[in-house]
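Q: show me how the following folds:
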Amino acid sequence: MSWKQTHIGEFVASGQIHIQTGPFGTQLRASDYTSEGTPVINVRNIGYGNLRPDKLEYIPDSVVDRLKIHVLERNDIVFGRKGAVDRHLLVSDEQAGWVQGSDCIRLRILSGPIDPMFLSFVLRLDSHKLWMLNQCSNKATMASLNQDVINRIPICIPDETTQKSITFILKRFDDLIENNRRRTQLLEEAARLLYREWFVHLRFPGHEHVAIKDGVPEGWERKTLGDVAPLNYGKALKQDDRVSGPFPVYGSSGIVGTHVKALVPGPTIIVGRKGNVGSVYWSSEDCHPIDTVYYIDSSRCSFHLYYALQHMSFINTDVAVPGLNRNLAHSRSILIPEQKIYRLFEDTVAPMHLQIDLLCKENVALEQGRDLLLPRLMNGEIAV
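A: Next comes the predicted model:
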């Protein structure tokens, strides 16, 4: 099979690809955002071909109508202009109709020989990510992407039949990963709803026969977080000092890499201290929480505590750099059930988390398999 070496700009010049920058600040203002409505894709929501749904923001229909040229369509490719310039989102059917954020650049294939999904897989190659970082990096400022860099992105494409054959193979991995991710979300939501039913609405098994005084069922008690599970400081681990290994590295946005050594044994609960203040993560395995988070010793961890922390309204104590004050967090109140209800909740939720762990491990294996195949398919080493 023959492959053509070219660059994105060739297709832009011929009108086969259109590039659209995000709406200017005067077009999409902070006051436009609402608690629900149409989602807006910002840099933090862009993964490696996929969506990162955490902290999506929304705008009402009236604002969407005003920003029609920024409404996304299926198979659009969205880049972030600042920071993570090596990432992109391939817009799915579900995300069609969402709006491009002001810190993003959209690429839309209108016609021609490039399959959007094939291009998305090209953009996931390590060689491409390195190229983007090299082109956009500036030691003095945050990495910045513009239309000129996008035009210069080098791509090597085969005929359309070969493109579809390659994407068919790789998409099977992505479909399995997405299916596992959805199953994980359903299990997590089921556990959250159970916690809310028992410990927020106080409709726990046998609640009809338990007296409640001042919001506390008989035999239960309120304690402070500091008494129940003191927060420990994570330890700094710079990117340059990390050696890829079996142990996840946690920051306030979740897993940010891996390392050959763990700082704490699992299970542990991680709480965001800087940046994503009050974020809460459960790690069933040994891990390394860095200095942007707190962690809770495994001897103090429980599923009840994990979901209780998610219901706490932690307050940001620093306007300039978001931060969670440890003493303030320790003063937060937590409702401790009597032992029988506590054990019943733990025994009910534990199998859910076991299944979540298995699905996550399966996804890691699927991602590794896909990423091993990806360069070999793209350089023609494996014929299709």
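Q: where do the strands sit along the stretch 51-200 of the chain?
A: Ranges of strands in the stretch 51-200 of the chain, per DSSP state E, counting those that start in this stretch, are 57-59, 77-80, 88-90, 99-100, 104-109, 154-157.
Q: Arg172 is nearest to which of these?
A: strand 88-90 (15.6 Å; Cβ to Cβ). The C-beta positions use only the backbone N, C-alpha and C, and glycine is treated the same way.
Q: who's in contact with the most centrally placed residue in the chain?
A: When Cα atoms, centre = their mean is applied to the chain, the residue found nearest the centroid is Arg52 (3.8 Å). Arg52 is in contact with Arg44, Asn45, Ile46, counting by Cβ atoms under 8 Å, 6 or more residues apart in numbering.
Q: if we go to 6 Å?
A: Asn45 (Cβ atoms under 6 Å, 6 or more residues apart in numbering).
Q: how much space between it and Arg332?
A: Distance of Arg52 to Arg332, computed by Cβ to Cβ, to the nearest Å: 28 Å.
Q: report pLDDT for the residue nearest to the centre of the chain.
A: Arg52 carries a pLDDT value of 88.
Q: phi first, then psi, for it.
A: phi -110, psi 100 (degrees, to the nearest 10).
Q: quick check: it vs Val43, distance?
A: According to Cβ to Cβ, Arg52 stands 10 Å off from Val43.
Q: and for Arg44, the neighbour number?
A: 18 (other Cβ atoms under 10 Å).
Q: where in the protein is pLDDT low?
A: 1, 26, 139-141, 315-322 (pLDDT under 70).
Q: neighbours of Leu145, how many?
A: If we define neighbours as other Cβ under 10 Å, then Leu145 has 21 of them.
Q: wait, I meant Arg326
A: A count of nearby residues for Arg326, using other Cβ under 10 Å, gives 17.
Q: which strands or helices does the helix or strand that Thr6 is a member of pack on?
A: Secondary structure assignment for Thr6, by DSSP states H and E: strand 4-7. Contacting strand 4-7 under the criterion 3 or more Cβ pairs under 6 Å, 6 or more residues apart in numbering; DSSP states H and E are the following elements: strand 154-157.
Q: what separation do you get for Phe303 and Trp198?
A: 12 Å.
Q: kindly report the same for Leu366.
A: 34 Å.
Q: about what we covered before: show me the one of the strands of the stretch 51-200 of the chain that comes nearest Ile212.
A: Smallest distance to Ile212 across the strands of the stretch 51-200 of the chain (Cβ to Cβ): 36.5 Å, for strand 57-59.
Q: from the middle of its chain, how far away would that closest one be?
A: Taking Cα atoms, centre = their mean, to the nearest Å, the mean C-alpha location of strand 57-59 is offset from the chain mean by 17 Å.
Q: just the buried residues of the helix or strand harbouring Val349, please?
A: Assigned by DSSP H and E, Val349 belongs to helix 339-378. By neighbour count on 16 or more other Cβ atoms under 10 Å, the buried set for helix 339-378 is 341-342, 345, 349, 352-353, 356-357, 359, 363, 366, 370, 373-374, 377-378.
Q: where along this structure do the helices fall?
A: Taking DSSP state H as the criterion, the chain carries its helices at 8-13, 61-66, 116-122, 126-136, 147-151, 160-195, 225-228, 303-310, 326-330, 339-378.
Q: next, the angle from the last one to helix 126-136.
A: Same thing as helix 339-378. For helix 339-378 against helix 126-136, the angle by axes from the mean of the first three to the mean of the last three Cα atoms, to 10 degrees is 90 degrees.
Q: excluding its backbone neighbours, what's nearest Val200?
A: His311 (6.6 Å; Cβ to Cβ, 6 or more residues apart in numbering).
Q: likewise for Tyr294?
A: Per Cβ to Cβ, 6+ apart, closest to Tyr294 is Leu231, 3.7 Å.
Q: who's in contact with stretch 71-86?
A: Contacts of stretch 71-86 (Cβ under 6 Å, 6+ apart): 41, 43, 46, 88-91, 93, 96, 98-100, 103-108, 116, 129, 132-133, 136, 142-145.
Q: out of those residues, which end up buried?
A: Applying 16+ other Cβ under 10 Å to those, the neighbour count classes 41, 43, 46, 88-91, 98-100, 103-108, 116, 129, 132, 136, 143, 145 as buried.
Q: thinking Asn180 is in contact with Asn363, fair?
A: Yes - here Asn180 reaches Asn363: they are 5.0 Å apart, a contact under Cβ atoms under 6 Å.
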